[in-house]
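Chemist: Dropping a prediction and its sequence here:
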Amino acid sequence: MSRKDILLDKLKEVVADLGQVFTTKDVSEDIRMKQAHPNLKDQRNYHAFVGGALSDHRAQLEIDEIGKSASRGSRWKKI
């Protein structure tokens, strides 16, 4: 299991519904993400997988990383 298993279409859907600035955990904790990734959501690195997928697909998602939060993961901004 890895961040390559995170579904891009589900990332796009969740990110589209978030505000202009959001954190990795805003995405990873969304019920739609958990339902779409039943084999990943209980993995120790699940939030890191989502963060890595956000980073990998930032051009398609039209987002930039703007900072880090110790408790919520990276902070992202829509561009």
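Modeler: Alright, I've got the coordinates. Numbering: from 1, shown residues only.
Chemist: hey, let's count contacts and neighbours off CA atoms from now on
Modeler: Will do.
Chemist: so where do the helices sit in this structure?
Modeler: With DSSP state H as the criterion, the chain has helices at 8-17, 24-28, 31-36, 46-56, 58-61.
Chemist: Quick check: which of these is nearest to S69?
Modeler: helix 24-28 (9.2 Å; C-alpha to C-alpha).
Chemist: Against which helices or strands is the closest one packed?
Modeler: helix 8-17, helix 46-56, strand 73-78 (3 or more C-alpha pairs under 8 Å, 6 or more residues apart in numbering; DSSP states H and E).
Chemist: could I have the shortest one exported to CSV, CA atoms only?
Modeler: Output for strand 73-78, consisting of C-alpha atoms alone and laid out as CSV, is shown next (Å, rounded to 0.1, in the frame of the first residue of the first chain):
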residue,chain,number,x,y,z
GLY,A,73,-0.2,18.0,8.0
SER,A,74,0.7,20.4,5.2
ARG,A,75,-1.4,23.5,4.5
TRP,A,76,-2.5,23.9,0.9
LYS,A,77,-3.9,26.8,-1.1
LYS,A,78,-5.9,26.7,-4.2
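Chemist: Which parts of stretch 46-63 count as buried, going by neighbours?
Modeler: Under the neighbour-count criterion of 16 or more other C-alpha atoms under 10 Å, stretch 46-63 has 46-55, 58, 61, 63 buried.
Chemist: so who does V21 touch?
Modeler: Going by C-alpha atoms under 8 Å, 6 or more residues apart in numbering, V21 touches 75-78.
Chemist: TSV for the helices and strands packed on helix 24-28, including mean pLDDT?
Modeler: Compiled in TSV, the helices and strands packed on helix 24-28 are given as follows (pLDDT from 0 to 100):
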stretch	mean pLDDT
helix 8-17	98
helix 46-56	97
strand 73-78	98
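Chemist: Distance to E29 added to those, as CSV?
Modeler: Listed next are these as CSV, based on distance: least, C-alpha to C-alpha, whole Å:
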stretch, distance to E29
helix 8-17, 10
helix 46-56, 8
strand 73-78, 12
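Chemist: Fine by me, thanks again.
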